[in-house]
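In: Prediction below, plus the sequence it came from.
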Amino acid sequence: MTPLPFDPLASGPLLAGAVVATAASLWLLLPNGRDTSSARWLGTLLGLGALAAFILAGRRLGGVGEEAVFLIVSLVAVVSAAATIVSRSPVYAAIWFALTLAGVAGVLLVLGAQFLGVATIVVYAGAILVMFLFVLMLAQPAGLAPYDRVSNEPFLSALAGAVLLGVLSLSIGRLSAAPAPCCGVPSRATATPTAETQPSSDVASESTTAAVANSVAPAIDPLAENHVARLGGELFGRHLVAVEAAGVLLLAALIGAIAVVSRGEAAQAAAASPSAGRSAAR
Amino acid sequence: MNTVQSLPLLQNALTVGAILFSLGLIGILTRRNLIVMFLAAEMMLQGISVSLVAWSRYHGDWGGHVLVIFVLTVAACEAAVALVFVLQAFSRTGRLDSAAWQSLREATVGRTVDHELPSIDTVPPRFPTLTPAGILPAADEDEPLQREHV
């Protein structure tokens, strides 16, 4: 591990201050039954301070445009994530979580994962979140429920989460470009030149093998024109069995959900519960 | 285009993933609404996804991308099954409260009792004020379906 001249992400006081500010901010902002606006303001200010500390602790990316884009999308993700867990109303929490998903999709796009960014929006925000909202509309009682205005051990939980965040940031800051002394991860980016040194002059006859070699080619360039095709080749090439297993898992989840609903309906019909009609209407 | 192996981008993305994971952890520990707890769990999955993609980019390997696709699949399955259980729990207790199931706790753990709760929020919700347009509809004040909060 080579010590850098200025290593802000691993510098102790800044990180400790960020951790303390995060814990205090979340403790003040989490619902605790006796909300005062001054506590909310103080919590918001402390949260902004923690955000500023984490931004200062971040590394410079080099390019101004890329840095600005990454900063904006990650700020959207992090701020709306904090707003998700401190919202009193679960509907607002779900909507803030949708904004978190938008920010995460932006981060994934900056990282060069086009397909995953779009899939996050489509699958999470389009399907899963709408399902959450449907369940909220079915199940949420009118008004703010009392259990939405209290928390389980907000001080201890905020402290534990902030300490975990501090430890993670420390270990992230100690990452260095030098490979580990033993058992370095075999990066396939270093193996790229060996794969490309083979001449592919007879392209016409070996187009399929060239495509296969292309799909194994590791460089994840977000501007490559066949980026998604390479991901598909990897997914249905090396990980075909896992894809089948995921399909079986989806089928099992589908059947299991229907089975639980129908069995619960039968039990409720036996118990003659007044709320059975609501579940049967689904 | 920057290089594939850029350490600062990796570290910043890992920091974002760590923040999302920690916030989700705090949410699932503190909140008592079952649906908000599941939202927090999904947020932890998002943090993991960001970290996986960052490592995948750093190493120039597709493994992280493929794993995130499976994370999406498992999250969809989990949400479907879990929401069915949440609906069943709601139809049994009439509440989305995790403390409604505290009879399942350990014998040595104390009972969760809510006290000193004000009847309404002391901080009233702030709704946007719109300029009036058109005719004011005749609202029935005794309409039971109207909610004072969202």
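Out: Good, I have the coordinates. Residues are numbered from 1 along each chain as shown, chains lettered A, B, ... in the order given.

In: Could you tell me which residues make contact with A:Gly103?
Out: By CB atoms under 8 Å, 6 or more residues apart in numbering or on different chains, A:Gly103 lies in contact with A:Val73, A:Ser74, A:Leu75, A:Val76, A:Ala77, A:Val78, A:Ser80, A:Ala81. The C-beta positions use only the backbone N, C-alpha and C, and glycine is treated the same way.

In: just the residues you listed that are near chain B?
Out: By CB under 8 Å from any CB of the partner chain, the members of the contacts of A:Gly103 lying near chain B are A:Ser74, A:Ala77, A:Val78, A:Ala81.

In: Now, of the contacts of A:Gly103, which are buried?
Out: Neighbour counting by 16 or more other CB atoms under 10 Å in any protein chain shown classes A:Val73, A:Ser74, A:Val76, A:Ala77, A:Val78, A:Ser80, A:Ala81 among those as buried.

In: of these, closest to A:Gly166?
Out: A:Val78 (15.4 Å; CB to CB).

In: Just list what the host helix or strand of A:Gly264 packs against, helices and strands only.
Out: Per DSSP states H and E, A:Gly264 falls inside helix A:240-271. Packing contacts for helix A:240-271, counted by 3 or more CB pairs under 8 Å, 6 or more residues apart in numbering or on different chains; DSSP states H and E, involve helix A:276-280, helix B:63-93.

In: As a markdown table, those helices with distance to A:Trp96 and mean pLDDT would be great.
Out: Listed next are the helices and strands packed on helix A:240-271 as a markdown table, based on distance: least, CB to CB, whole Å; pLDDT from 0 to 100:
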| stretch | distance to A:Trp96 | mean pLDDT |
| --- | --- | --- |
| helix A:276-280 | 27 | 46 |
| helix B:63-93 | 17 | 90 |
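
In: Highest average neighbour count across these: which stretch is it?
Out: helix B:63-93 (a mean of 19; mean count of other CB atoms under 10 Å in any protein chain shown).

In: Who are the packing partners of that one?
Out: In terms of contacts (3+ CB pairs under 8 Å, 6+ apart), helix B:63-93 is packed against helix A:114-119, helix A:129-139, helix A:227-237, helix A:240-271, helix A:276-280, helix B:34-59.

In: which one of those helices lies closest to A:Asp148?
Out: helix B:34-59 (7.8 Å).

In: roughly how far is the closest one from the heart of the chain?
Out: Put simply, helix B:34-59 sits 12 Å off its chain's centre (CA atoms, centre = their mean, to the nearest Å).

In: Nearest to the spatial middle of chain A, which residue is it?
Out: A:Val104 (5.9 Å; CA atoms, centre = their mean).

In: Is that residue in contact with A:Ala77, as I believe?
Out: Yes - if you go by CB atoms under 8 Å, A:Val104 and A:Ala77 touch, sitting 5.1 Å apart.

In: Would you single out the least confident of the helices and strands packed on helix B:63-93?
Out: Note on these: helix A:276-280 shows the lowest mean pLDDT, a mean of 46.

In: and the angle from the helix holding A:Gly264 to helix B:63-93?
Out: 0 degrees (axes from the mean of the first three to the mean of the last three CA atoms, to 10 degrees).

In: Buried residues in helix A:240-271, which are they?
Out: Of the residues in helix A:240-271, those buried (16+ other CB under 10 Å) are A:Ala246, A:Leu249, A:Ala253, A:Ala257, A:Val261, A:Gly264, A:Glu265, A:Gln268.

In: before we move on, back to that, who's in contact with the residue nearest to the centre of chain A?
Out: Contacts of A:Val104 by CB under 8 Å, 6+ apart are A:Ala77, A:Thr120, B:Leu20, B:Gln46, B:Ser49, B:Val50.

In: So the last one sits against B:Ala13, correct?
Out: Yes - between B:Val50 and B:Ala13 there is a contact under CB under 8 Å: 5.9 Å.

In: joint contacts of these two?
Out: A:Val107, A:Leu111.

In: who has more neighbours, the two?
Out: B:Val50 (30 against 24; other CB atoms under 10 Å in any protein chain shown).

In: and the host helix or strand of A:Leu108, how far out from the chain's middle?
Out: Take DSSP H and E as the rule and A:Leu108 turns out to sit in helix A:90-110. Put simply, helix A:90-110 sits 9 Å off its chain's centre (CA atoms, centre = their mean).

In: With stretch A:24-38 instead?
Out: That offset, for stretch A:24-38, works out to 25 Å (CA atoms, centre = their mean).

In: Now do it: distance from first to last residue.
Out: 14 Å (CA to CA, to the nearest Å).

In: Please identify the residue most distant from the middle of chain B.
Out: Quick read of chain B (CA atoms, centre = their mean): farthest out is B:Ile135, 39.0 Å.

In: re the thing from before, the helix holding A:Leu108 to helix B:34-59, inter-axis angle?
Out: 10 degrees.

In: CA-only coordinates of helix A:90-110 in CSV, if you can.
Out: The C-alpha trace of helix A:90-110 is given here as CSV (Å, rounded to 0.1, in the frame of the first residue of the first chain):
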residue,chain,number,x,y,z
PRO,A,90,-44.8,5.5,3.4
VAL,A,91,-46.2,6.9,0.2
TYR,A,92,-43.7,9.7,0.3
ALA,A,93,-41.0,7.1,1.2
ALA,A,94,-41.9,5.1,-2.0
ILE,A,95,-41.8,8.2,-4.1
TRP,A,96,-38.4,9.3,-2.7
PHE,A,97,-37.2,5.7,-3.4
ALA,A,98,-38.2,6.2,-7.0
LEU,A,99,-35.9,9.2,-7.1
THR,A,100,-33.2,7.1,-5.5
LEU,A,101,-33.6,4.6,-8.3
ALA,A,102,-33.3,7.4,-10.8
GLY,A,103,-30.0,8.5,-9.2
VAL,A,104,-28.7,5.0,-9.0
ALA,A,105,-29.5,4.5,-12.7
GLY,A,106,-27.5,7.6,-13.4
VAL,A,107,-24.6,6.3,-11.4
LEU,A,108,-24.8,3.0,-13.4
LEU,A,109,-24.8,4.9,-16.6
VAL,A,110,-21.7,6.9,-15.6
